[in-house]
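[1] Provided below are the primary sequence and the corresponding predicted coordinates.
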Amino acid sequence: MDKNKFYKGMAILGGNALLKLSKDDMEIFLEPVAGDIDSLNLEGLRDILKDLDIDFGPYLSPQRDGNRLVLARGTAPIPGIDGRIEIAVGLPRPPPSDEDDDSVDRLGNQSDDSLFKDPKALRTVLCVRKGTVVAKKIPPTPGTPGKNVFNEEIPAVPGEWPVFRPGEGVEVIDRDSLVANRDGKLHLEDGGLISVLDTWTIEGPLDMSIGHTDFWGRELRIAGPVLGGLRVKVEGNLFVEGNIEDEAMVEVDGNLTVNGLIRSSNTRIIVSGDMVCNAVEYAKVRVDGDLEVDDYLLDADCDVRGHVWLVNGKGLVAGGSLSSGGSIAARVLGTQAHVLTRVRAGYDSSLRKRYEAMINEIEKLSRKLSEIEAGLERIKNVERSGPGNQEIAIIKAKLKKGREDILSVLSKKRAALANMDAHFGKMRNSTIQVHSMAYPSVSVQIDTAALVLTSLQKKCVFRFRKGEIVTLIP
């Protein structure tokens, strides 16, 4: 077939119509040479098309299109869908509204996600670990080929591959995966930029719009207070610009700085590093490093493994208890109302617990060793009376092996106990320094020695001497 002639039009039906092929070979249509298309006699048309190897495509009968009749139409190719970037970790989602069923999500699926068992767990700050695949390329589709009116295939245009826009803290692996190269917050920006940030600032208070917050990285800053009932857990340093309110739970693997108050007896603070704050009221605080308080401790329960300083502002410890594994320096201890205030230096409660547990373990192992020695002595007496049998030999070997194992463990535990004793000796050198005054009803303890003040003491230093506490006046 001469397609060029076909494009211009082939006279059929006694010269009353032109049979034409569209330039893209997708349509065969009939045009009247003169008059209206409806005036044509179409008898024999199907045989004409069959002789020309023309496929009717989806049309089983001609289709009117203006003043022409489309006799055959090909199937257009369907272009492929472009690939996309898919985030490979679960993104935060809003909590269900009151209108939603608690047990069924909007897709009608049963929900077994524990995320909403606590309505404060919104995961608005989403962190990932180093090595986590944070995004993947979803490949494009090839598309679906089409066919023209001659049943010839028309290739589809495939979709395009997506392109990563990696920011800081991520790298492309195996072309199709974006991987975090450090712990941090997954951060998505307009335009597709993907980053993992090891420092992050929460603008404004940590409230119910943010919910419980877990952060893995170098530093998290909260530019406001931590409101009551919320939990913050940080692997790194935490800086809070406001207060930490009632029933908050704050756990920090690094250092904690609070430019406000920590208050309420239901508030818990756990810090693996050092802690600096303005004041603590009634809260329970545990610090593995040093503690520096700018103003006061009021009826607080503070357990510190390092040193404690309250030498700025009021520098006051009033009520409650303060325990330090090192030395304590404060301006004022107690109050004019003679409120019981417990201050203890050179005492590490967790180390003391481990020490006592170690002694118990050594005693148990020693008793076990004595039982083994007694068993070996009985076997020795049997052997003196005559040659032993194979069963006795096996028991003897097991007892000797048990003795060797226990002696090895005892040696290590006694060495650890000796190191603890040496550490306790150093802790006894800790002091409690009073820069201004200490009121009556203040209980002063260093190591295991204690002294309850019965009179006002002005600037002084408390030390441990020969099992007792002595007061030194500078």
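    Done, it's in.
[2] sec struct for Leu417, please.
    Of the three states, Leu417 takes helix according to DSSP: H, G, I helix; E, B strand; the rest coil.
[3] which ones are touching it?
    Neighbour list for Leu417: 355, 358-359, 362 [criterion: Cβ atoms under 8 Å, 6 or more residues apart in numbering]. Where C-beta positions appear, they are placed from N, C-alpha and C, glycine not excepted.
[4] switch the cut-off to 10 Å
    Residues near Leu417 by Cβ atoms under 10 Å, 6 or more residues apart in numbering: 354-355, 358-359, 361-362.
[5] and for Ile362?
    Ile362 makes contact with 409-410, 413-414, 416-417 under the criterion Cβ under 10 Å, 6+ apart.
[6] show me what counts as buried in the helix or strand of the chain with the lowest mean pLDDT.
    Of all helical and strand segments in the chain, the minimum by mean pLDDT, DSSP states H and E falls on helix 45-51, at a mean of 75. When neighbours are counted by 16 or more other Cβ atoms under 10 Å, the buried residues of helix 45-51 are found to be 45, 48-49.
[7] now for that helix, which elements pack on it?
    Identification of packing neighbours for helix 45-51 by 3 or more Cβ pairs under 10 Å, 6 or more residues apart in numbering; DSSP states H and E yields strand 10-12, strand 17-21, strand 27-32, strand 68-73.
[8] the same query, at a cut-off of 8 Å, please.
    Helix 45-51 sits against strand 68-73, with contacts defined as 3 or more Cβ pairs under 8 Å, 6 or more residues apart in numbering; DSSP states H and E.
[9] summarise which helices and strands the strand it packs on is packed against.
    Counting contacts by 3+ Cβ pairs under 8 Å, 6+ apart, the secondary-structure elements packed against strand 68-73 are strand 27-32, helix 45-51, strand 63-65.
[10] dump these to TSV, plus distance to Glu203.
    Output for the helices and strands packed on strand 68-73, formatted as TSV (distance: least, Cβ to Cβ, whole Å):
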stretch	distance to Glu203
strand 27-32	60
helix 45-51	71
strand 63-65	61
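[11] between these, which gets nearest to Pro474?
    Distances from Pro474 to each of the helices and strands packed on strand 68-73 were compared by Cβ to Cβ, and the smallest falls on strand 27-32, at 106.2 Å.
[12] show residues contacting that closest one.
    For strand 27-32, the external contacting residues (Cβ under 8 Å, 6+ apart) are 9, 12, 16-22, 37, 39-40, 42, 45, 49, 54, 62, 65, 67-74, 149.
[13] beta partners for the residue nearest to Asp183 when sequence neighbours are not counted?
    By the measure of Cβ to Cβ, 6 or more residues apart in numbering, the closest residue to Asp183 outside its immediate chain neighbours is Trp216, 4.1 Å from it. Assessed by DSSP bridges, Trp216 has beta-bridge partners Glu235.
[14] let me see the mean pLDDT of stretch 180-198.
    Averaging pLDDT along stretch 180-198 gives 93.
[15] in that stretch, which residues are buried?
    Within stretch 180-198, the residues that count as buried by 16+ other Cβ under 10 Å are 180, 182-188, 194-198.
[16] roughly how far is it from the heart of the chain?
    Using Cα atoms, centre = their mean, to the nearest Å, the distance from the centre of stretch 180-198 to the centre of the chain it belongs to is 14 Å.
[17] quick one: end-to-end distance for that stretch.
    Using Cα to Cα, to the nearest Å, the end-to-end distance of stretch 180-198 comes out at 11 Å.
[18] and if you look at stretch 6-17?
    Between the opening and closing residues of stretch 6-17 lies a distance of 13 Å (Cα to Cα).
[19] can you tell me what sits against it?
    The set of residues external to stretch 6-17 that reach it, using Cβ under 8 Å, 6+ apart, is 18-23, 30-34, 40-42, 44-45, 48.
[20] ok, 7 Å please
    Residues from elsewhere that reach stretch 6-17, judged by Cβ atoms under 7 Å, 6 or more residues apart in numbering: 18-21, 23, 30-33, 40-41, 48.
[21] among these, the buried ones, what's the PyMOL command?
    A single PyMOL command is used to select the members of the contacts of stretch 6-17 judged buried by 16+ other Cβ under 10 Å:
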select buried, resi 18+19+20+21+30+32+40+48
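[22] could you look up the SS state of Lys398?
    Judged by three-state DSSP, the three-state class of Lys398 is helix.
[23] same deal with Ser411?
    Assigned by three-state DSSP, the conformation of Ser411 is helix.
[24] residues in contact with it?
    Going by Cβ under 7 Å, 6+ apart, the list of residues near Ser411 is empty.
[25] make residue 1 into 43 and carry on from there
    All right, first residue 43 from here; so that's Ser453.
[26] mind checking how far it is from Leu407?
    Using Cβ to Cβ, to the nearest Å, one gets 10 Å for the distance from Ser453 to Leu407.
[27] what sits against His380?
    When contacts are counted by Cβ under 7 Å, 6+ apart, His380 touches 481-483.
[28] now render the contacts of stretch 48-59 as JSON lines, adding distance to Pro208.
    Supplementary listing: the contacts of stretch 48-59 in JSON lines, determined by distance: Cβ to Cβ, whole Å:
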{"residue": "Leu60", "distance to Pro208": "60"}
{"residue": "Leu61", "distance to Pro208": "58"}
{"residue": "Lys62", "distance to Pro208": "54"}
{"residue": "Leu63", "distance to Pro208": "51"}
{"residue": "Lys65", "distance to Pro208": "45"}
{"residue": "Leu72", "distance to Pro208": "58"}
{"residue": "Glu73", "distance to Pro208": "58"}
{"residue": "Pro74", "distance to Pro208": "63"}
{"residue": "Val75", "distance to Pro208": "65"}
{"residue": "Leu82", "distance to Pro208": "65"}
{"residue": "Asn83", "distance to Pro208": "69"}
{"residue": "Ile90", "distance to Pro208": "62"}
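[29] care to break the chain down by domain?
    The record's domain split for the chain, according to automatic domain parsing, is 45-115, 123-138+158-186+198-239, 241-382, 392-469.
[30] which residues does the least confident helix or strand of the chain contact?
    Counting by Cβ under 7 Å, 6+ apart, helix 87-93 makes contact with 54, 70, 113-114, all of which sit outside it.
[31] contacts for the helix or strand that contains Asp345 next, please.
    In the assignment (DSSP states H and E), Asp345 maps to strand 343-346. In this structure, residues lying in contact with strand 343-346 by Cβ under 7 Å, 6+ apart are 322, 326-329, 333, 362-367, 391.
[32] just the strands from the stretch 143-292 of the chain, written as ranges.
    With DSSP state E, counting those that start in this stretch as the definition, the stretch 143-292 of the chain shows strands at residue ranges 169-170, 175-180, 188-189, 195-196, 207-208, 212-215, 219-222, 226-230, 235-239, 241-245, 255-265, 273-282, 291-294.
[33] looking at the ones you listed, which is closest to Val512?
    Minimum separation from Val512 across those (Cβ to Cβ) falls at strand 291-294, 37.0 Å.
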